[in-house]
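Participant: give me coordinates for this.
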Amino acid sequence: MNYPMIDFLPQTAAAAPFSLDLLEAVPSPLPYILHDRAVVVSDQPSTVVRQVAKGKSISEHLFDATAEAKRWTSQVAMRLDPKARLRFFRQLDRLHDEDEWFEGDRPVALDSYKAFVRAYVSGSIGGKPALALAQDGRIVAIWQDGADKLTIEFFPRDKVRYLVSQTVDGERERFAGDTSIGRLSQVLSPFECVRWFDGG
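Facilitator: Numbering: from 1, shown residues only. Modelled structure (predicted):
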């Protein structure tokens, strides 16, 4: 999911339960349907999923979630490429676009977003992935190289869940697992992840 510094165009995906077969069936480019009510943000992109608690208005929840994530990003800005920071800010704005929001959706989970940025800063991931929100507001990053796809979901405490889908000798293969950010590069090395992570 490589995207240069361009304006994002919102796209949406219909709600459906997540399954590997469903992910494989989605044509390129995105959106992918990751969980209930998922919308993807990519470079021909798009927006995302959400869930809002009661008490505050939707606008307040979205503003607070976006501001908190941007504030934290600014604290690590010295280690983050300025273009990447601007790209993340734009994606956060798209993920919390009120016009794309549904009651019951949840804004980005800060611990998940922190794990995503830490993985990027450490060099465990790279490139320009599309971003989406999964259940509980977890960040999901999606890369694509032709028909091959890499999806990584980020959890608190720097844990990740990955799914690799690729064609080898005409056969479709899928690999999924759980690991930590520190082990991610090693775990993904058999899948030539440089093809996805180049051009950050």
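
Participant: how far away is residue 158 from residue 59?
Facilitator: 31 Å (Cβ to Cβ, to the nearest Å). Using the backbone N, CA and C atoms, a C-beta is placed for each residue, glycine as well.

Participant: what about the two, which has more around it?
Facilitator: The residue with more neighbours, out of residue 158 and residue 59 and counting by other Cβ atoms under 10 Å, is residue 158; that gives 19 against 12.

Participant: so who does the more buried one touch?
Facilitator: The contact partners of residue 158, by Cβ atoms under 8 Å, 6 or more residues apart in numbering, come to 115, 118-119, 180-182.

Participant: now for residue 173, how many residues are close by?
Facilitator: 12.

Participant: which residue is the nearest non-sequential neighbour of it?
Facilitator: The shortest distance from residue 173 to any non-neighbouring residue, by Cβ to Cβ, 6 or more residues apart in numbering, is to residue 166 (5.7 Å).

Participant: from the contacts of residue 158, list the buried ones, please.
Facilitator: Neighbour counting by 16 or more other Cβ atoms under 10 Å classes 115, 118-119, 181 among the contacts of residue 158 as buried.

Participant: and these, which of them are in helices?
Facilitator: 115, 118-119, 181 (DSSP state H).

Participant: before we move on, back to that, what about the residue nearest to residue 173, helix or strand, and which?
Facilitator: Here residue 166 sits within strand 159-168, counting by DSSP states H and E.

Participant: and that strand, C-alpha only, in CSV?
Facilitator: What follows is strand 159-168, C-alpha atoms only, in CSV (Å, rounded to 0.1, in the frame of the first residue of the first chain):
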residue,chain,number,x,y,z
LYS,A,159,2.3,-7.0,20.1
VAL,A,160,1.3,-7.5,16.5
ARG,A,161,-0.8,-10.0,14.5
TYR,A,162,0.1,-10.4,10.8
LEU,A,163,-1.3,-12.0,7.7
VAL,A,164,0.7,-12.6,4.6
SER,A,165,-1.2,-13.6,1.4
GLN,A,166,0.9,-14.4,-1.7
THR,A,167,1.1,-16.5,-4.8
VAL,A,168,4.0,-18.9,-5.2
